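Enquirer: Let me see the structure of the following:
(chains A, B, C and D)
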Number of protein chains: 2
Amino acid sequence: MLKKQQLYQLLKQDIQLQHWAPEQVLTQQQLAAHYAVSRIVVRDVQQQLMSEGWLSAHGKAGMQVAGFSAAEAEELCLLRLQLEPLALKLAAPALSFSQLGQAEDLLKQLAAQTALPAYQRGELNWQFHRLLYQSCGKPHLLRLLDLLHQQVARYLGYQEQALAYTDTSALEHQQLVALLRTGNTAAACDVLTEHISNANVLLVQYLKNTKGA
Amino acid sequence: MLKKQQLYQLLKQDIQLQHWAPEQVLTQQQLAAHYAVSRIVVRDVQQQLMSEGWLSAHGKAGMQVAGFSAAEAEELCLLRLQLEPLALKLAAPALSFSQLGQAEDLLKQLAAQTALPAYQRGELNWQFHRLLYQSCGKPHLLRLLDLLHQQVARYLGYQEQALAYTDTSALEHQQLVALLRTGNTAAACDVLTEHISNANVLLVQYLKNTKGA
DNA sequence: TTGACATAAAATGTATACATTTTAAATTAG
DNA sequence: CTAATTTAAAATGTATACATTTTATGTCAA
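Expert: This next block holds a predicted model:
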């Protein structure tokens, strides 16, 4: 029997993999039946996923699977650009070599395991970023970034197809660590800004093409 | 018998008025008994208030009422400064005179009803700000701002005592509308930045004093 | 045909009951 | 007395049952 935490993971993943179509309207009963759990569990998970942007309310009854759009991708990028460089700037002075080492280990993993499904690579990628911001000492900022990441993660299914992503992205990651290691915070923030923008350009381009098709 | 939406409002208000002490640990059963509702309802509300920052998880069982600190107030200010002027900049070109009129009506209300409890004045204040950002066309940005506002609202109990707030704040509000009316977006954003900073300085000052006492 | 109203079906909200987990207390070995 | 283990109490997680609300259907009058 599935429990709350498991359903949370599974449903999120199913949305990511588009087993539930974007924009589709779901009911508690539907999901409860499909996943063989009580509606209580569905309700809990539903509320959490709604607060994280995977689902949205739909009228007085029912929930809607979040859709995809180039406009939304651009907005998410804008917000990341507004907050992530700030987090990095604040965290950089407090970054330990131990943390930089951890970050590099994550990069190694990413480089090695090229066969991993997109959502797992995305998770590793975020762990890397998150680690760099961790020490900023601003819990609310980190909370907002986690929230933003959830939204971005929804697009990972697309990114798998959209982006040859890995190569340039990996390079930028390494530059980032190198600059942080030498204490060059300002340059690191610039690279980060570029990095976020670049990834977005590819995604938006892809979204615009496929929507037209 | 209380229903979900009512409990949500009431509990939030009770936290704001510090009927539940900051840092206090609560249980579902406690709240269910106190408000005479089923634990199911408490669970729903609990999860929502946790996602909004009024409560936080406490170990494996129990929830903790959020506390107050000067550091947190400063962080919230920092984030507002990062996002609200951006929202205003994006919204300003799309602002209609009708909306500006609505905004002015809200200011008139604020000016007239000086006797209102802090949380209601705070709500009007936010409605004013929210109205100015509304047209920015960035739903996620607005969502983040609403989230931030929830956090700030928790401090309204303090602000009542902390701030003679009304006078300078009202002046800045009017400047803001005037500048927007003439299409001077850049200056309006500057005033907004000042406005947010000013309110924060007073609050932080007060928090630092009372914590020492 | 259309639109309003009544009615039935379905979905959600809420309460109660039971299962599992967590916390705290009590007991006992060292 | 301390610390570890056991045991009881309390809190939470989950399922089922019932109440209320919402949505859809169908009927009838204009």
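
Enquirer: Can you name the residues of chain A that neighbour DNA strand D?
Expert: A:1, A:3, A:4, A:37, A:38, A:39, A:40, A:41, A:44, A:59, A:60, A:61 (CB under 7 Å from any atom of the strand). Where you see a C-beta, it was placed from the backbone N, CA and C, and this is true even at glycine.

Enquirer: any idea which helix or strand comes after the lowest-mean-pLDDT helix or strand in chain A?
Expert: Lowest by mean pLDDT, DSSP states H and E among the helices and strands of chain A is helix A:156-162, with a mean of 70. Under the assignment DSSP states H and E, the closest C-terminal helix or strand after helix A:156-162 is helix A:166-181.

Enquirer: Go through whichever helix or strand comes after that following helix and flag the buried ones.
Expert: Proceeding N to C from helix A:166-181, the next assigned helix or strand is helix A:185-212, under DSSP H and E. Residues A:185, A:188-189, A:191-192, A:195-196, A:199-200, A:202-204, A:206-207 are the ones in helix A:185-212 that count as buried (16 or more other CB atoms under 10 Å in any protein chain shown).

Enquirer: Give me every residue in chain A lying close to DNA strand C.
Expert: Near DNA strand C, when you scan chain A using CB under 7 Å from any atom of the strand, you find A:27, A:28, A:29, A:30, A:39, A:40, A:43, A:61, A:62, A:63.

Enquirer: Let me know the closest of those residues to residue B:169.
Expert: Set against residue B:169, the nearest of the residues of chain A next to DNA strand C by CB to CB is residue A:63 (39.1 Å).

Enquirer: tell me the pLDDT at the residue lying closest to that closest one once chain neighbours are set aside?
Expert: In space, and not counting its chain neighbours, residue A:63 is closest to residue A:55: 4.5 Å by CB to CB, 6 or more residues apart in numbering or on different chains. On the pLDDT scale, residue A:55 is placed at 97.

Enquirer: what's the answer for residue A:115, then?
Expert: For residue A:115, the model assigns a pLDDT of 82.

Enquirer: who does the strand or helix carrying residue A:50 touch, helix- and strand-wise?
Expert: Per DSSP H and E, residue A:50 falls inside helix A:39-52. Using 3 or more CB pairs under 8 Å, 6 or more residues apart in numbering or on different chains; DSSP states H and E, the elements in contact with helix A:39-52 are helix A:4-16, helix A:28-35, strand A:55-57, helix A:139-154, helix B:39-51.

Enquirer: what would the ones you listed look like in CSV with mean neighbour count?
Expert: CSV is the format used below for these (neighbours: other CB atoms under 10 Å in any protein chain shown):
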stretch, mean neighbour count
helix A:4-16, 17
helix A:28-35, 16
strand A:55-57, 16
helix A:139-154, 19
helix B:39-51, 19
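
Enquirer: any chance of the ones you listed in CSV, plus distance to residue A:177?
Expert: Below are the helices and strands packed on helix A:39-52 laid out as CSV (distance: least, CB to CB, whole Å):
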stretch, distance to residue A:177
helix A:4-16, 28
helix A:28-35, 41
strand A:55-57, 36
helix A:139-154, 19
helix B:39-51, 33
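
Enquirer: Just the closest residue of chain A to chain B, please.
Expert: As assessed by CB to the nearest CB, chain B sits closest to residue A:51 within chain A, at 4.1 Å.

Enquirer: Go ahead and confirm that residue touches residue B:49.
Expert: No: assessed by CB atoms under 8 Å, residue A:51 is found out of contact with residue B:49, at 10.8 Å.
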